[in-house]
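S.K.: would you be able to build a 3D model of this:
(one chain, ligands or ions: 1)
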Amino acid sequence: MPKIAVYAGHGGSDYGAVANGVYEKDINLAISNAVSDILRRRGYDVLNNRTTDVNRNITRDAKMANDWGADALLEIHLNSNAGTPGSGTEMLYSIKDTGKGRQFAQACLDNITALGFADRGIRTQLNENGQDEFGILRLTNMPAVLAETAFINNPSDLQKLNVYSAAEAYANAVTRVFPAGGASSPPPSSGGGTGIRGIQNTLNERYGLGLTADGVAGPQTRAGLIKGLQIELNRQFGRNLTVDGKFGPATRAATVNVRPGARGNLTYLIQAALYLKGYTVTPDGIFGTQTEAAVKSFQRSAGLSTDGIAGPATQAALFRQS
Ligand SMILES: [Zn+2]
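M.R.: Sure thing, here's the model as predicted:
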């Protein structure tokens, strides 16, 4: 199986670019974790430089990928600029590249621009010594891409950016250039998509549910959300729930409070449930102000206390099949 290093740019005290209260390091991490999940599900060996908000060290991270013998490396970033915000996506690869890195960069670019981001191309960027300017490209020896996914300081880019769609786009680029298990392996899932179809694809990718991605919020998809919730509670909190897609007393008792500021798969499932009920929310796994407003609005309509926290009562009302 190919060995893929999936790295998140910045971290800890290094926020990367900051715009509109959003930190680059956080989005980089969310995408990197989601790409890693998808690739592992497809059978890849995946190496991460970080899976939480900790400091990173480029020299150490580069050595780690070299020592591990990575077949490819992808490092996730967001772009930023001064003045009028730029827009779109660009991919950097190493001047040392002999072909595969360029091919990988092009595949990443193709898949991210397919999500609607402007095409800024693929390129190398060199320092005054004619070496790669970016350390992770300069210090590693496998095909490597530093991905500038979109502009964090451009509200339109940021609004368009869905963590899981971007992650699927990157994972599909990996699979295209570094196929899992060689030519006989199945093609990557059609993946991605927005709206209900995007949620169905994401549930299939993450939990292997085999939902029909028909864009219809029917009982199958609602049960899929509950299965996802049960799987996450089992994985993250050791709950031992039966994964039956039914929100009964055991599932309710196993829930955890999901609050503003939370990030991850539980937040995603709550967002998806809100989306299916018609609330304005972008399922991106980040519990920001839009999600908080949607939770409060849902709580109000369900006659619950409007604290903006998805606790047991809110989750019961949100997930339970009518
Ligand atoms: Zn960056």
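S.K.: for the ion, what are the nearby residues on the stretch 201-322 of the chain?
M.R.: Proximity of the stretch 201-322 of the chain to the ion (C-beta under 5 Å from the ion) involves no residue at all. To be clear about C-beta, it is placed using only N, CA and C from the backbone, and glycine gets the same treatment.
S.K.: hmm, Asn223 is touching Phe247, no?
M.R.: For residue 223 the amino acid is Ala, not Asn. No - using C-beta atoms under 8 Å, Ala223 makes no contact with Phe247, being 9.3 Å away.
S.K.: neighbour-wise, which of those two wins?
M.R.: Higher neighbour count among Ala223 and Phe247: Phe247, with 22 against 18, using other C-beta atoms under 10 Å.
S.K.: from memory the more buried one sits against Gly228, does it?
M.R.: No - contact between Phe247 and Gly228 fails when scored by C-beta under 8 Å: they sit 11.7 Å apart.
S.K.: ok now do Leu229, which residues does it touch?
M.R.: 247, 251, 255, 266, 269, 315, 319 (C-beta atoms under 8 Å, 6 or more residues apart in numbering).
S.K.: for those residues, give me JSON lines that also has secondary structure and pLDDT.
M.R.: Shown next, in JSON lines, are these (DSSP: H, G, I helix; E, B strand; the rest coil; pLDDT from 0 to 100):
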{"residue": "Phe247", "secondary structure": "coil", "pLDDT": "94"}
{"residue": "Thr251", "secondary structure": "helix", "pLDDT": "95"}
{"residue": "Thr255", "secondary structure": "coil", "pLDDT": "94"}
{"residue": "Leu266", "secondary structure": "helix", "pLDDT": "94"}
{"residue": "Leu269", "secondary structure": "helix", "pLDDT": "96"}
{"residue": "Gln315", "secondary structure": "helix", "pLDDT": "96"}
{"residue": "Phe319", "secondary structure": "helix", "pLDDT": "94"}
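S.K.: in those, find the pair that's most separated.
M.R.: Maximum pairwise distance among the contacts of Leu229 (C-beta to C-beta): 14.1 Å, between Phe247 and Leu266.
S.K.: what about Gly43, how many residues close to it?
M.R.: By other C-beta under 10 Å, neighbour count at Gly43 equals 11.
S.K.: which non-adjacent residue is nearest it?
M.R.: Ala180 (5.0 Å; C-beta to C-beta, 6 or more residues apart in numbering).
S.K.: just give me the neighbour total for that neighbour.
M.R.: Neighbour tally, Ala180, other C-beta under 10 Å: 16.
S.K.: SS state for it?
M.R.: Of the three states, Ala180 takes coil under DSSP: H, G, I helix; E, B strand; the rest coil.
S.K.: what are the ranges of the strands in this protein?
M.R.: 3-8, 18-19, 22-23, 45-48, 72-79, 89-93, 119-123, 144-151 (DSSP state E).
S.K.: just checking: what are the partner strands of the first one?
M.R.: It stands for strand 3-8. Strand pairing for strand 3-8, determined by DSSP bridges: strand 45-48 (parallel), strand 72-79 (parallel).
S.K.: and the last one, by the same measure?
M.R.: Partner strands for strand 144-151, per DSSP bridges, with pairing direction: strand 72-79 (parallel), strand 89-93 (antiparallel).
S.K.: all the helices of this structure, residue numbers only.
M.R.: 24-41, 58-68, 100-113, 135-138, 155-160, 163-177, 195-207, 219-237, 249-254, 265-276, 289-301, 312-319 (DSSP state H).
S.K.: got the ones you listed as a markdown table, with distance to Leu74 columns?
M.R.: Output for the helices of the chain, formatted as a markdown table (distance: least, C-beta to C-beta, whole Å):
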| stretch | distance to Leu74 |
| --- | --- |
| helix 24-41 | 7 |
| helix 58-68 | 10 |
| helix 100-113 | 7 |
| helix 135-138 | 10 |
| helix 155-160 | 19 |
| helix 163-177 | 6 |
| helix 195-207 | 17 |
| helix 219-237 | 24 |
| helix 249-254 | 35 |
| helix 265-276 | 21 |
| helix 289-301 | 27 |
| helix 312-319 | 34 |
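S.K.: which one of these lies closest to Leu146?
M.R.: Closest to Leu146 of the helices of the chain is helix 135-138 (C-beta to C-beta; 5.8 Å).
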